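Undergrad: here is my input, please return the structure:
(one chain, ligands or ions: 3)
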Amino acid sequence: MAFSATLSCTVFFNLHKNRSRSSPPPHPPPISRQELRRSRGGSASSRSRSGRIRSFGAMEAATAEVAAAGESGGGMAKVPHVLTVAGSDSGAGAGIQADLKACAARGVYCSTVITAVTAQNTVGVQGVDNVPEEFVAEQLESVLSDMQVDVVKTGMLPSPGIVRILRKSLNKFPVKALVVDPVMVSTSGDVLAGPSVLDVFREELLPLADIVTPNLKEASALLGGRQLETIADMHSAVKLLHQMGPRHVLVKGGDLPGSCDAVDVFFDGERIHDLHAPRVKTRNTHGTGCTLASCIAAELAKGSSMLPAVQVAKRFVENALDYSKEISIGKGPQGPFDHFLMLNRKVHNFGKKIVLDPSDLFLYAVTDSGMNRKWGRSIEDAVKAAIEGGATIIQLREKDAETRNFLEAAKSCMEVCHSRGVPLLINDRIDIALACDADGIHVGQSDMPVRTARTLLGPEKIIGVSCKTPEQAQQAYMDGADYIGSGGIYPTNTKENNLTIGLEGLKAVCLSSKLPVVAIGGIGMSNAHAVMELGLPNLKGVAVVSALFDRECISTEARKLHEVLSGAAPEVK
Ligand SMILES: Cc1ncc(COP(=O)(O)OP(=O)(O)O)c(N)n1
Ligand SMILES: Cc1ncsc1CCOP(=O)(O)O
Ligand SMILES: [Mg+2]
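TA: Ligands and ions are numbered 1, 2, ... in the order given. Presented below is the predicted three-dimensional model:
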């Protein structure tokens, strides 16, 4: 993977020399398969290395129960599963933490075997403490003896002993694929794993690997210090690395000087593929190597073959980096990035007001492209004028707009609305709502179902739904809508073939609704008062199209309508 900053799933192994346990404290050996078996037949528990009682009998019994449930066809689904064997990064940008986030973001379960604990932040690595080899073995045994792991992905393997232990575990518990991210070289270029680790990597791990994903420095270290400065060098490197035994090789060219594109080189033993991608200019690249390898592992766990897995993983990392360009975490030169993309935009909310306040429905302005065309106005100007006159919420209902134009207008309207503290909804077009990060959508009975829209938009966006009957109103509530638009109350020319439900229909909906309601259809200066005067429960306002947008001066009409509504229903505000 090639990016503007150095791939940084590397940690400063040299630091750990001072602080790691050079001779591990005497632990009893890890519990073997035989011991597990013995405990099944005999005593129900055994004592762990920490002295705690572990109930293997109970664990095995539980395992058997779950297996039986699976066999009896209880509708249990196997989840794609990646086991990461790597170091912990306290700053959570790289290592185990990045692997967990990457797998979660790719919809794959991730278990973890921790090989080392690092004290690390965006400034650098302050300390490393290796986990005793026996305890790495114990973690491997725990996970692999119980869970159906599809793919193992390795990151920081700080000692030859740990590499050997991993090899033994993989012999004992074969998996579908092994992804090796050879975390060996610091961002400063030092060879951080001693020659002994390099040797055991080359001799014992690479021959087992389905793919190895070194950056330029790591590839160079594996190749005994060979200079890698051009794409031609990378082509030679992938072939030489392939001779060490891995079935596929991906050399990441992010550190390659002088190219405006970023090029990674992939080799499957027969063909070389140069994988180009635009360089993302960002400081937030910490953990890209771990994430890329984990994403590859996740795709393989889902059943992908290797080249598509690499391509998807690359695209995921590029998107995540691009999306995270502006986030700021930590004071150091390399920040972490955001694996959860759009999801987090919704969660962060960045201080925007987006949950529906029912009083927002008071004067609900719905745009119409035909009317704007007729009066020679842009959507943005129409929206500005409506808000100036007192509109409390805006819906863009652009039935005949072209997608590209609609999206551009929606983005501008978002700025107009947000700078004025007014929510903006999109009619029908969830794609536009997602693309412009609108505050929500309005859907009708034959548009996208509310539940599907909720899944796509997330829990914090506003969803309104059109209802003509009490049954529809009840369903809207059950489906998780935020408000109901009920109408047409009066005949209208704005929407064709629309059944008029009248004030009686509105009353039935309002009485049965648990959600706030806005009345729509043929409402204007002459009848808005009559609608609101009914004082119906849950009726929070009126939605209008032509009464504002098919008039010469939108702001004046909005102001007058606001006054009428305020006079009719002072308690609504
Ligand atoms: C506030 C509000 N209520 C109802 C509607 C109508 O939506 P729908 O039934 O989907 O019809 P179209 O507007 O899509 O023609 C609405 N837009 N807004
Ligand atoms: C979109 C819609 N849904 C029911 S009636 C209607 C049109 C409302 O337009 P107007 O306010 O011009 O009558
Ligand atoms: Mg609709």
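Undergrad: when you work out contacts or count neighbours from here on, use the C-alpha atoms and nothing else.
TA: Will do.
Undergrad: could you give the number of residues near the residue of the stretch 51-200 of the chain found nearest ligand 2?
TA: Going by CA to the nearest ligand atom, ligand 2 is nearest to residue 105 of the stretch 51-200 of the chain, at 37.8 Å. As a burial measure, residue 105 scores 17 neighbours (other CA atoms under 10 Å).
Undergrad: quick one: it from residue 313, how far?
TA: To residue 313, residue 105 is 11 Å away according to CA to CA, to the nearest Å.
Undergrad: same thing with residue 123?
TA: From residue 123 to residue 313 the distance is 27 Å (CA to CA).
Undergrad: of those two, which one has the most company?
TA: Between residue 123 and residue 313, residue 313 has the larger neighbour count (other CA under 10 Å), namely 24 against 13.
Undergrad: which stretches of the stretch 401-550 of the chain form strands?
TA: 424-427, 440-443, 462-466, 483-487, 517-520, 539-544 (DSSP state E, counting those that start in this stretch).
Undergrad: the fifth one pairs with which strands, and in what direction?
TA: Taking DSSP bridges as the criterion, strand 517-520 forms sheet pairs with strand 483-487 (parallel), strand 539-544 (parallel).
Undergrad: run the chain-centre distance for that strand.
TA: Its chain's average C-alpha position is 35 Å from that of strand 517-520, according to CA atoms, centre = their mean, to the nearest Å.
Undergrad: kindly report the same for the third one.
TA: A distance of 25 Å separates the C-alpha centroid of strand 462-466 from that of its chain, computed with CA atoms, centre = their mean.
Undergrad: can it be found next to ligand 3?
TA: No - Strand 462-466 lies out of reach of ligand 3 by CA under 5 Å from the ion, never closer than 8.0 Å.
Undergrad: how about the nearest residue to the residue of the stretch 51-200 of the chain closest to ligand 2, chain neighbours excluded?
TA: residue 340 (6.0 Å; CA to CA, 6 or more residues apart in numbering).
Undergrad: how close does the one you found get to residue 121?
TA: From residue 340 to residue 121 the distance is 20 Å (CA to CA).
Undergrad: is stretch 521-535 anywhere near ligand 2?
TA: Yes - counting by CA under 6 Å from any ligand atom, ligand 2 has neighbours in stretch 521-535: 521-523.
Undergrad: residue ranges of the helices in the stretch 201-350 of the chain, please?
TA: 216-222, 231-242, 288-301, 306-323, 341-348 (DSSP state H, counting those that start in this stretch).
Undergrad: next, the buried residues of the first one.
TA: Pointing back at helix 216-222 there. For helix 216-222, the neighbour count (16 or more other CA atoms under 10 Å) marks 216-222 as buried.
Undergrad: tell me what that helix is packed against?
TA: Under the contact criterion of 3 or more CA pairs under 8 Å, 6 or more residues apart in numbering; DSSP states H and E, helix 216-222 touches helix 231-242.
Undergrad: ok, the third one next?
TA: Contact partners of helix 288-301 among helices and strands, from 3+ CA pairs under 8 Å, 6+ apart: strand 81-89, helix 95-105, strand 151-154, strand 177-180, helix 306-323.
Undergrad: C-alpha coordinates for stretch 274-292, CSV please?
TA: This file holds the C-alpha atoms of stretch 274-292, laid out as CSV (Å, rounded to 0.1, in the frame of the first residue of the first chain):
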residue,chain,number,x,y,z
ASP,A,274,1.3,-2.8,-10.3
LEU,A,275,-1.5,-1.5,-8.1
HIS,A,276,-1.8,2.3,-8.6
ALA,A,277,-3.7,4.5,-6.3
PRO,A,278,-3.8,8.3,-5.8
ARG,A,279,-1.6,9.4,-3.0
VAL,A,280,-3.7,10.7,0.0
LYS,A,281,-2.0,13.7,1.6
THR,A,282,-2.6,13.3,5.3
ARG,A,283,-0.7,13.0,8.6
ASN,A,284,-3.2,10.4,9.8
THR,A,285,-1.5,7.2,8.4
HIS,A,286,-0.5,5.5,11.6
GLY,A,287,-1.8,1.9,11.4
THR,A,288,-2.3,1.7,7.6
GLY,A,289,-0.1,-1.4,7.3
CYS,A,290,-1.9,-3.3,10.0
THR,A,291,-5.2,-2.2,8.6
LEU,A,292,-4.3,-3.3,5.1
